[in-house]
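Q: predicted model, plus sequence, below.
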Amino acid sequence: MAFDMTVVKREFLAGGTAGAIGIFVGFPMDLIKTQIQTFPNRFPSAWSCLKHQIHEGGFMGLFRGCIPPTVSQGRCLDPSYPSLRQLQLTYLTFSYFVTRFNQQFDVCW
Amino acid sequence: MFVGESTAMRFLEPDRAKGEMSSTTNQFIAGSVGGLLQCIALVPSEVVKCTMQTTNLHGTDLSTVQGSAFHQTTVTIRKIFQKEGIRGFYKGFGPTALRDIPSIGFYFFTYTRSRDWMGKIELGDTPLEPGQTHHEPSSGVTMIAGGLAGTISWVVVYPIDVIKTVTQVSKGPVLGNPKAYSDMNSLEVGRTLLRHHGVQIFFRGLGPTVLRAFPVNATTFFFYEKFKKLLHTD
């Protein structure tokens, strides 16, 4: 079965851009989530955690650690972020060429 | 993820006409395939991100790295590598996969189902324009469906996410246990957490997560549909 590369490309671009737009919006919330999960007894509430973080590291400190998820295709610990699209595209491209090769030379694996 | 899902969908239902509803099981499988694919590169980025997020800015250990965000990231990566080698980047692979595979299945399932359902309510009786095979959902429907999808998929897997984060970032032996969380399997981590902190530990931080998931996913799906249409026309 051949892959329709134009469709794949369209999905790739649409998903990638959409994910990139959403990425920075919620990152401070993600920091709070990770902090609260890791230090359950340190903060009485999410709000106090946020205040503590801003006090300690400033507003920009809320965005520490945002590069790795951006590099792995725009994902901030959110199952909803499009991620790893690059790898998927590589995989799809590979499958596409294998399929074309099979058709071209009538290979039977 | 979006690519994985749609490609899996085309595999599962190659003859499905556009606009026709696909089966629940296939939607779920398609979503899960997307989830499995993304774990491989996701886990290292999660480890680095969580490490950076939990280090005390003025503390010791891996933190107190001055300089640009890029510099901080490279230093963190180098330190993890020096300390634990390549294995250090794959801490928590199990819980991440356990979290992402059902979560992404739920995500796309909720999205497509609620979008189609709300679209039907919204446009049920409007006649189709010539050349149209189905009604395009409005932006409002797309956004609400996206927000719902994000929220529901988070709530379902949140306890596993707690286990994942703890496995990836905690250091040293646990109270009353010679092993560190990073050396335990997910079940042991879960049991130890339950014993020390009670069941509420598995839901700490769910509030801000859900508060964030709705708007972020609404935006994501809004742009996703917009861009797809935009790219489709030319």
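A: Structure received. Numbers count the residues shown, from 1 in each chain, chains lettered A, B, ... in the order given.
Q: phi, psi for the most centrally placed residue in chain B please.
A: Geometric centre of chain B, nearest residue: B:Asp100, 5.7 Å, by C-alpha atoms, centre = their mean. For B:Asp100, the backbone dihedrals (degrees, to the nearest 10) come out as phi -80, psi -40.
Q: ok, it touching B:Leu42?
A: Yes - at 7.2 Å, B:Asp100 and B:Leu42 qualify as touching, with contact defined as C-beta atoms under 8 Å. Where C-beta positions appear, they are placed from N, C-alpha and C, glycine not excepted.
Q: how near is B:Ile94 to chain A?
A: To be clear, residue B:94 is Gly; Ile isn't right here. As defined by C-beta to the nearest C-beta, to the nearest Å, B:Gly94 lies at a distance of 16 Å from chain A.
Q: which residues touch that residue?
A: Residues in contact with B:Gly94 (C-beta atoms under 8 Å, 6 or more residues apart in numbering or on different chains) are B:Asn185, B:Ser186.
Q: any idea of the pLDDT on it?
A: Per-residue confidence for B:Gly94 comes out at a pLDDT of 88.
Q: in which helix or strand would I find it?
A: Assigning secondary structure by DSSP states H and E places B:Gly94 in helix B:93-123.
Q: nearest spatial neighbour of A:Val71, skipping sequence neighbours?
A: The shortest distance from A:Val71 to any residue other than its chain neighbours is 6.5 Å, reached at B:Ser45 (C-beta to C-beta, 6 or more residues apart in numbering or on different chains).
Q: mind checking the SS state of that neighbour?
A: Remark: B:Ser45 carries the secondary structure label helix [criterion: DSSP: H, G, I helix; E, B strand; the rest coil].
Q: so it touches A:Pro69, yeah?
A: Yes - contact status for B:Ser45 versus A:Pro69: in contact at 5.3 Å, counting by C-beta under 8 Å.
Q: burial count for B:Arg78?
A: B:Arg78 is flanked by 10 other residues according to other C-beta atoms under 10 Å in any protein chain shown.
Q: helix/strand/coil for it?
A: Local secondary structure at B:Arg78 is given as helix here, using three-state DSSP.
Q: which strands and helices lie in contact with the strand or helix carrying B:Thr142?
A: Following DSSP H and E, one finds B:Thr142 within helix B:139-169. Helices and strands touching helix B:139-169, as assessed by 3 or more C-beta pairs under 8 Å, 6 or more residues apart in numbering or on different chains; DSSP states H and E, comprise helix A:27-38, helix B:24-54, helix B:93-123, helix B:186-197, helix B:206-233.
Q: can you redo those helices as JSON lines with distance to A:His52?
A: As requested, the helices and strands packed on helix B:139-169 are arranged in JSON lines below (distance: least, C-beta to C-beta, whole Å):
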{"stretch": "helix A:27-38", "distance to A:His52": "9"}
{"stretch": "helix B:24-54", "distance to A:His52": "13"}
{"stretch": "helix B:93-123", "distance to A:His52": "27"}
{"stretch": "helix B:186-197", "distance to A:His52": "20"}
{"stretch": "helix B:206-233", "distance to A:His52": "14"}
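Q: comparing those, which comes out most buried?
A: helix A:27-38 (a mean of 24; mean count of other C-beta atoms under 10 Å in any protein chain shown).
Q: still on that earlier bit, from A:Trp47, how far off is the residue nearest to the centre of chain B?
A: Per C-beta to C-beta, to the nearest Å, B:Asp100 is found 29 Å from A:Trp47.
Q: how about B:Leu211?
A: From B:Leu211 across to A:Trp47, the span is 11 Å (C-beta to C-beta).
Q: B:Ile152 now?
A: Distance, B:Ile152 to A:Trp47, using C-beta to C-beta: 25 Å.
Q: which one's more surrounded, these two?
A: When B:Ile152 is set against A:Trp47 and neighbours are counted by other C-beta under 10 Å, the residue ahead is B:Ile152, at 20 against 12.
Q: show me what the longest strand seen in chain B is packed against.
A: Scanning chain B for the strand with the most residues, using DSSP state E, yields strand B:177-180. Under the contact criterion of 3+ C-beta pairs under 8 Å, 6+ apart, the helices and strands touching strand B:177-180 comprise strand B:173-174.
Q: ok, 10 Å please
A: In terms of contacts (3 or more C-beta pairs under 10 Å, 6 or more residues apart in numbering or on different chains; DSSP states H and E), strand B:177-180 is packed against strand B:173-174, helix B:186-197.
Q: quick check: mean pLDDT of that strand?
A: What strand B:177-180 shows for mean pLDDT is 76.
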